[in-house]
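> Here is my input, please return the structure:
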Amino acid sequence: MKSPASKAIAKSTQTKTLVVTGVIALVVATGLAFSRPVELHVDGQKIATDVPPVTQRQEVFVPLRAVAEALGADTRFEPKENTIEIVRGSQTLEFRVGSNKAMLNGAAMTLRHAPFRVRGRVMVGLRSIALAFGVKTRYDHRTARIDVDTPGVIEAGAQPDTEPSP
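Model (predicted):
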């Protein structure tokens, strides 16, 4: 039989555990309530995707088809081989989901991270997109915004630089 003192200690421990769990849940819920999803922009245009970009430590992963199509590339998926080919102009990138080995215009290259699937969409590292297609990419964690910019393309809504009229 438990003594009254041991019952009081057990009840106190349960209460502390409950309070700590509640505080942690409140902090996480508050963080999620004030967080915002990462926005993806290609050449100034916001790209709507059914699977949002994934951020992990120093790497950002984007849904490949959405970015490739926004850049004007053709995407071909071979389900039996689990391979993907992306053709943009004269550039061709080929790789297999789950492997960090790829081919860029017939030359072997190693991706920093292997492409993976999220809810049926292939996610690829933002750096791989930049390297393969010669675009500029950046992720601003403060504003939760990813920009993919094609050199020479004017951002949507922006005006080209012109000399002021006399």
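> So what are the structural domains in the chain, by residue number?
Domain assignment for the chain by automatic domain parsing gives 1-35, 39-149.
> Mean neighbour count and mean pLDDT added to these, as JSON lines?
C-betas here are computed from N, CA, C, even on glycine. Shown next, in JSON lines, are the domains of the chain (neighbours: other Cβ atoms under 10 Å; pLDDT from 0 to 100):
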{"stretch": "domain 1-35", "mean neighbour count": "9", "mean pLDDT": "61"}
{"stretch": "domain 39-149", "mean neighbour count": "16", "mean pLDDT": "91"}
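> three-state assignment of T137?
strand (DSSP: H, G, I helix; E, B strand; the rest coil).
> hang on, isn't it packed against R145?
No. T137 is beyond contact range of R145, at 11.5 Å (criterion: Cβ atoms under 8 Å).
> what sits in contact with each of these two?
Counting by Cβ atoms under 8 Å, 6 or more residues apart in numbering, T137 and R145 have no common neighbour.
> separation between the spatially most central residue of the chain and A130?
The chain has P53 as the residue nearest its centroid, 2.7 Å off, counting by Cα atoms, centre = their mean. Using Cβ to Cβ, to the nearest Å, P53 is found at 14 Å from A130.
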